[in-house]
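> this is the structure alone, sequence omitted:
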Ligand code: RIB
Ligand code: CA
């Protein structure tokens, strides 16, 4: 079966780490590179976390380092969620060998311009790197199949009342991506807050060998933030896993195409993904907005990948 060629852009971060476990253990994706971006933490820290994760999973992947800040503002990180390291409490080797330093833009250019097949970009952090690639290499955009993002929301925000964190981190970059003409799949809070891994499932995952213990430790540390919230999820919304899960099997998601604009000026609405449900603007329907996910199948996808990597029975 033909594998989907992908480049992942991430800011690990707990949920990024779970998404990377799914992506790196899955055999339906041909991961050409993974780039780190500033977001949950500084790019120095997300870059190092990315290398630590690949090292722990014993996966040899080309890695690039993204820009240090959004296009027009300073970085406003999510250290209150992911800690000062970006993976606080997760005990994986820190003394790792650093790869040859490549910038994410150069990595994307090299892979996309030399690929014989179209590339899918999976972006699960702020979109600064993707926007800079679009600005610098417009002639290569026809080589990109689609851009699957974790970001946005058709209704509420989680960084502000209006805006989701990844879009709010660099709304101008998001506008460039959404207006690029490349098809965008938006896995926003509409669907990612349904992608819950329940506390009751943490123990089951922990029993699945070294990778299961790794995933469970990430989930337990991620859950510490959610336990402080008024809103009780009884688990953690593993936002980023939706973008990877869609790339692997889009049939477990439901969505619809709309025109989506990004608010870049509003005092209370900066970073909002404005979904034109009634097609008032009569503009191109540039985004497939995801609204539903079969949560059980998504979590089973992760658990089966961890099991299969441990040589356990793989339920196809
Ligand atoms: O809003 C959730 C998103 O913000 C996720 O990508 C999480 O990792 C943080 O970056
Ligand atoms: Ca992320």
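Looks like it came in fine. The model shown is predicted, which means the values in this text are computed figures rather than measured ones. Ligands and ions are numbered 1, 2, ... in the order given.

> what about the longest helix anywhere in the chain, near ligand 2?
When the chain is parsed with DSSP state H, its longest helix is helix 209-226. No - on the criterion C-beta under 5 Å from the ion, helix 209-226 is out of touch with ligand 2, staying 11.4 Å away. All C-beta atoms are positioned from the backbone trio N, CA, C, and that covers glycine.

> burial measure for the closest residue to ligand 1 within the stretch 151-300 of the chain, as a count.
Per C-beta to the nearest ligand atom, the residue of the stretch 151-300 of the chain with the smallest distance to ligand 1 is residue 165, at 3.6 Å. Look at residue 165: counted by other C-beta atoms under 10 Å, it has 24 neighbours.

> what do you get for residue 234?
10.

> for residue 235, see how far away the residue lying closest to it once chain neighbours are set aside is.
Once flanking residues are discounted, residue 234 sits nearest to residue 198: 5.8 Å by C-beta to C-beta, 6 or more residues apart in numbering. With the distance defined as C-beta to C-beta, to the nearest Å, residue 198 ends up 4 Å from residue 235.

> also residue 224?
Residue 224 is 13 Å from residue 235, by C-beta to C-beta.

> more neighbours: which of those two?
Ranked by neighbour count (other C-beta under 10 Å), residue 224 and residue 235 place residue 235 first, with 20 against 14.

> for that one, phi and psi?
Per-residue torsions, residue 235: phi 160, psi -170 (degrees, to the nearest 10).

> residues in contact with it?
196-201, 223, 226 (C-beta atoms under 8 Å, 6 or more residues apart in numbering).

> residue 120: what secondary structure?
strand (DSSP: H, G, I helix; E, B strand; the rest coil).

> wouldn't it be in contact with residue 6 here?
Yes - counting by C-beta atoms under 8 Å, residue 120 does reach residue 6; the two are 4.7 Å apart.

> where do the contact lists of these two overlap?
Listed as contacting both residue 120 and residue 6 by C-beta under 8 Å, 6+ apart are residue 247.

> give me the number of residues near residue 142?
Residue 142 is flanked by 11 other residues according to other C-beta under 10 Å.

> nope, residue 138 is what I was after
For residue 138, the neighbour count with other C-beta under 10 Å is 11.

> filter the contacts of residue 235 down to just the ones in strands.
Among the contacts of residue 235, the members falling in strands (DSSP state E) are 196-198.

> quick one: the closest residue to residue 224 other than its chain neighbours from residue 220, how far?
Of all residues not flanking residue 224 in the chain, residue 89 sits nearest, at 7.6 Å (C-beta to C-beta, 6+ apart). Applying C-beta to C-beta, the value for residue 89 to residue 220 is 8 Å.

> show me which of those two is the more surrounded one.
residue 220 (18 against 14).

> show me what from the stretch 51-200 of the chain comes close to ligand 1.
Contact residues (C-beta under 6 Å from any ligand atom) of the stretch 51-200 of the chain with ligand 1: 78, 124-125, 150, 158, 164-166.

> output the contacting helices and strands for the host helix or strand of residue 107.
According to DSSP states H and E, residue 107 maps onto helix 104-114. Counting contacts by 3 or more C-beta pairs under 8 Å, 6 or more residues apart in numbering; DSSP states H and E, helix 104-114 packs against strand 4-10, strand 29-36, strand 63-65, strand 119-123, helix 128-136.
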